[in-house]
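Q: here's a sequence, model it:
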Amino acid sequence: QLVESGGGAVQPGGSLRLSCQASGVRLEDYVIGWFRQAPGKEREGLSCINSFGHSTNYARSVKGRFTTSRDNTKNTAFLQMNGLQPEDTAVYYCASAHYYTDCASEGLMATSYDYWGQGTQVAVSS
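A: Presented below is the predicted three-dimensional model:
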C-alpha cells in the first residue's frame, strides 16, 4: 500500500514536500514514480527514482524545480517541489514498479507502474 501526504495550498513561488509511505512491502524492491493529474487533463509522469536512488528521471515540465528522493530505511519516497506555479495545481500520486523498471526509458509512463497511492491535492494560487 502507498499513501501520499504533504499536499496543500501554496502561493506561486512556494514549495511543498510530498511523501509516499509504503506499507506491507520493502520499498527498496521498487522503483517509485510521481505523477499528477489536473482536472480535464491526462495523468502526467513527473519523476522516477530507481530502487536505491542511484538513478532519476524528470519530465521537462518539472526538471530543475522538483527533486525526487527516497529513504528506504523509512520505507518512504519524497517529491520536493520548489517554484510552484498555478499550472502545477493537480492531484499528485506516487506509484511503484518492479525494481528492474528502467527510469530513463519507462519511468515516466503510467503503464510501467503496478500500485498507486490515493493521491494528494496540491493547489497553487495567489
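Q: the helices in this structure, which residues?
A: For the chain, the helices defined by DSSP state H occupy 103-106.
Q: remind me which residues of it are low pLDDT?
A: Of all residues in the chain, none has pLDDT under 70.
Q: how about V124: which residues does it bridge to?
A: Per DSSP bridges, residues listed as beta-bridge partners of V124: V10.
Q: so who does it touch?
A: V124 makes contacts with 9-12, 14, 84-89, as judged by Cβ atoms under 8 Å, 6 or more residues apart in numbering. Placement of C-beta: from N, CA and C, glycine included.
Q: now tabulate those in JSON lines and tack on distance to L2 and neighbour count.
A: Shown next, in JSON lines, are the contacts of V124 (distance: Cβ to Cβ, whole Å; neighbours: other Cβ atoms under 10 Å):
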{"residue": "A9", "distance to L2": "23", "neighbour count": "12"}
{"residue": "V10", "distance to L2": "23", "neighbour count": "17"}
{"residue": "Q11", "distance to L2": "28", "neighbour count": "10"}
{"residue": "P12", "distance to L2": "29", "neighbour count": "13"}
{"residue": "G14", "distance to L2": "25", "neighbour count": "15"}
{"residue": "L84", "distance to L2": "22", "neighbour count": "21"}
{"residue": "Q85", "distance to L2": "26", "neighbour count": "12"}
{"residue": "P86", "distance to L2": "27", "neighbour count": "11"}
{"residue": "E87", "distance to L2": "25", "neighbour count": "10"}
{"residue": "D88", "distance to L2": "21", "neighbour count": "23"}
{"residue": "T89", "distance to L2": "22", "neighbour count": "17"}
